[in-house]
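1. my questions concern the predicted model and sequence given below.
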There are 2 protein chains.
Amino acid sequence: MSEVARVSLRSGLTAAFWEYERALMANDLEALDRLFAAYATTLRGDAGGLLVGHDAISAFRGSRGGAPARRIVATHVQEIDDRHALVVAVTELATGGRGQQTQLWRHDGTAWAVTAAHVAGSAPALDRRVWRVVGDPLVPPTGTGPLGGETVAVKDLFAVAGQRIGAGNPTWLESAPVENENAAAVDALLGAGASLRGLARTDELAYSLAGTNPHYGTPPNPRAPHRISGGSTSGPASAVSLGHATIGLGTDTGGSIRVPAAYQGLWGIRPTHGAVSAAGLLPLAPSFDTVGWLTRGPDLLAGVGAVLLPEDTAVPGDLVTASGLWELATPDVRDAVEPRTAGAVDLDWPVSDLPTWLEAFRVVQAGEAWASHGAWLEGRLDGLGPDIRSRFEVAATVTPSALAAARAVVDEVRDQIRDRLAGRVLLLPSASSVAPSALATAGLDEVRRATMLLTCIAGIGGLPVVSVPVETGDRLPAGLSLVGPAGSDRALIDLAHALAD
Amino acid sequence: MSEVARVSLRSGLTAAFWEYERALMANDLEALDRLFAAYATTLRGDAGGLLVGHDAISAFRGSRGGAPARRIVATHVQEIDDRHALVVAVTELATGGRGQQTQLWRHDGTAWAVTAAHVAGSAPALDRRVWRVVGDPLVPPTGTGPLGGETVAVKDLFAVAGQRIGAGNPTWLESAPVENENAAAVDALLGAGASLRGLARTDELAYSLAGTNPHYGTPPNPRAPHRISGGSTSGPASAVSLGHATIGLGTDTGGSIRVPAAYQGLWGIRPTHGAVSAAGLLPLAPSFDTVGWLTRGPDLLAGVGAVLLPEDTAVPGDLVTASGLWELATPDVRDAVEPRTAGAVDLDWPVSDLPTWLEAFRVVQAGEAWASHGAWLEGRLDGLGPDIRSRFEVAATVTPSALAAARAVVDEVRDQIRDRLAGRVLLLPSASSVAPSALATAGLDEVRRATMLLTCIAGIGGLPVVSVPVETGDRLPAGLSLVGPAGSDRALIDLAHALAD
């Protein structure tokens, strides 16, 4: 190549670099798409994870509404050959802090384009999608014990002395009193040597399985980048995934521990209904509310159980499954979970009755949710995000007679479930699918319904469930649930551990 | 190149990549140095900033004691030509969360080595070097006013209701009571519409100018990567630099606002002694303690002043300087500050008296520091880092007669300084040097002494100082101090603003 051609190529790179920077600040999607090479191998990574392929990168840009304002304060160019160069830039964010951007540029004979980019901004003081308050620690232990050195992310539904309960909604937080005492479960963990890392986000009033809080954003899911966290124990789950805390203390009414556990590849337990004290917990639907927790491994799941759970009163029996229930999951989840059921007796399950069961569950949940919060919500529904708002609007219409009828169904189905299982342990998927995309959240209501057809079995039964992480063929997290007999919680954790090994 | 040679080169790259990974996990410095290209242009960047050149990278590795444990969960290779490839790896940290590593590898004819690396880990729940507790917000505003939307990083020496005062020392924190009321300055900021972002770190008991807290680490300095933050208002300063908060509320006894302002390129004010209430502040040396603040720009510096400062009782006079004082600064700082003094009258300053002044200042500071904390420190000196410990050990030896003699000198010098300035505004460097390296902190005592020869002038004089950010020829932050007459604080901020424009 002639020296003239070489100089021309180099100045073209400089022009392309600055064109990209202007396009980024203007959120000019057309130019940004053009300046990234249109390959399936093009890469773009940031704190939210690595995107592979021009299409994925373009979809991400289209959904995020622009990049943070910044200026370039230094550039370093490593010329590789006539058609390739690495450009490393130091950026200064308009709001403070510095970042770095590393780009590999390639000239394809026509124009320069980026084939790989690695972008780092400046980490915020706290990730407000995950946390409301966080400390080093927020609350020190009050005793010594088996949880020494462990750190707890507390779902923002539990009372912590000196703090308000935020419940995932800014209007709620504003009117909430400062608590004088810790919730019972919080006290127990502190007494066993754990410290509180902070108060972690929840879906509004815990009335969702998604984690897509419209006020504070969706907590990240590091094992499944750009996918939703699962909820409503969304903040504690992400805090544990991210390594911000070792224990996520939350609640499970309709799946709010099991779903984020499945979506994020964590261990989780929904205990036997009533086994762990709900004192100091903001209720959603007391007939189904349970206090549960999430961890990264089974040993700590059991360790927390040894502190929070009463002694077992039942022994988990043989493993059973119900292949009819597998059909409610997507094929990738089915393929991930089914091999774990080898050797389990295949029960005949009345799958066609599940919609009726779920309807009864939802009516009781809604009626109790309105009983819990209706008085406060009157005149404040506008302060809720659209999904939760519409759920409470429906809840407001549940009549006493409809509630009574649904309770009767729930009571009857509970007996039916317990009779059918007869002390055995039912294996089924924790959620019907892997975590849906966080970039386009249409259709989450359908995902919620499909998952609740599965999760309502233990919910109605009042039965303990341990969710064990499994992986799909695409290496995405999913969950295997073990539903045990009431009062078998500690042994159920051990059984899940053995099954995973 | 033959196909055989090509395949051999590629497998060499794979081997080198994994050799690097093993060396990183083993902290094998020799191998890491060898696997990074020995060029002055080799790059390595992470959240702490970009390092340029093999030597700088090697020094960094030598100082950090190893990388966080991790495993590689995915790799993507872009082959550029026979001798260059980009390798992007997704990492999973042992403690949770995912990161990304982007490396440009080059084969120099002998071996593969990295010429550029960009490393991102997983951000912690909070940066414990900067913060002890942080929230969204930690404390909401109590009123509306001119500081609406602003966020405050409060030095962990001020009382905040519901929180303990940590004072930069874990033993202190453990025995500290929960405060029932806010410090007066905190209350005033909340009443004017600001919220509290959190409680930010300080040097132990504020008795340092470095920010190198041995218990929690040195807060980062984003404008001067891998250099110290300056202290003792180290956490609030870094919080403002990083964009975690817009206002850093701190204290300045011997330079604790001015030094971090200079090191980090921030605006800062040490007000007239006594102008801002110190109620609710943990004292160091009340004769010199002042409540001050740091911001990223002059408008907000003035905005906070309008809330915290009383009306002016004096008018700043003409600008003066004293070229004798410039000699106390390093050449780069002198070159950065001196041009700003053009037009200022050059005063004759008794530079040779400064060591005597500083000695008197230090004796009074030490005597009062021991009076403030000696009773608590008896038997607890082992809980302090070595620098602060040795300062308090000296402080414990100050006799009443030595203290009285030093007070007499301070009183006399105060009059002398005020007479010499006669209402005029003295321009001088805020610190004697740019921020020293954070990688090797030997010699910080000498740096502290050199800076205190400059800062003690306003300290003894009880005079207000505004520190204006300037930049050295190496593009590192430094500070220009304007020392005004007592009671001229608000006008002094405006004057500094005008001078900077």
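-> Done, it's in.

2. show me the strands in the stretch 401-501 of chain A, by range?
-> A:425-429, A:465-471, A:477-483 (DSSP state E, counting those that start in this stretch).

3. state the pLDDT value of A:M1.
-> A:M1 is assigned 69 on the pLDDT scale.

4. what's opposite A:R70 in the beta bridge?
-> Beta bridges link A:R70 to A:L93 when assigned by DSSP bridges.

5. roughly how far apart are it and A:G121?
-> Per C-beta to C-beta, to the nearest Å, A:R70 is found 8 Å from A:G121. The way it works is simple: take the backbone N, C-alpha and C, and place the C-beta from them, glycine included.

6. tell me, what's touching those two both at once?
-> Taking C-beta atoms under 8 Å, 6 or more residues apart in numbering or on different chains as the criterion, A:R70 and A:G121 both touch A:T91, A:L93, A:G99.

7. for these, which one is nearest B:I457?
-> The closest of these to B:I457 turns out to be A:L93 (C-beta to C-beta; 35.8 Å).

8. neighbours around that closest one, how many?
-> Residues contacting A:L93 under the criterion other C-beta atoms under 10 Å in any protein chain shown number 17.

9. quick check, it in contact with B:G243.
-> Yes. If you go by C-beta atoms under 8 Å, A:L93 and B:G243 touch, sitting 6.0 Å apart.

10. how about the shared contacts of A:R70 and A:G121 in TSV, adding pLDDT?
-> Below are the shared contacts of A:R70 and A:G121 laid out as TSV (pLDDT from 0 to 100):
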residue	pLDDT
A:T91	97
A:L93	96
A:G99	97
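
11. what is in contact with A:L93 and B:G243 at once?
-> Residues touching both A:L93 and B:G243 (C-beta under 8 Å, 6+ apart): A:S122.

12. in the stretch 201-350 of chain A, which spans are strands?
-> A:247-252, A:267-270, A:290-295, A:319-321, A:345-346.

13. could you redo those strands as TSV and give each row mean neighbour count, mean pLDDT and distance to B:E179?
-> Output for the strands of the stretch 201-350 of chain A, formatted as TSV (neighbours: other C-beta atoms under 10 Å in any protein chain shown; pLDDT from 0 to 100; distance: least, C-beta to C-beta, whole Å):
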stretch	mean neighbour count	mean pLDDT	distance to B:E179
strand A:247-252	30	98	27
strand A:267-270	32	98	37
strand A:290-295	29	98	31
strand A:319-321	20	98	55
strand A:345-346	12	96	61
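
14. how about those in a markdown table, adding distance to chain B?
-> Shown next, in a markdown table, are the strands of the stretch 201-350 of chain A (distance: least, C-beta to the nearest C-beta, whole Å):
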| stretch | distance to chain B |
| --- | --- |
| strand A:247-252 | 11 |
| strand A:267-270 | 13 |
| strand A:290-295 | 11 |
| strand A:319-321 | 30 |
| strand A:345-346 | 35 |
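
15. make TSV out of the ones you listed and add distance to B:A56.
-> Below are those laid out as TSV (distance: least, C-beta to C-beta, whole Å):
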stretch	distance to B:A56
strand A:247-252	40
strand A:267-270	43
strand A:290-295	40
strand A:319-321	58
strand A:345-346	64
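
16. indicate which one of the ones you listed is closest to B:R449.
-> In terms of C-beta to C-beta, the element of the strands of the stretch 201-350 of chain A nearest to B:R449 is strand A:247-252, at 47.7 Å.
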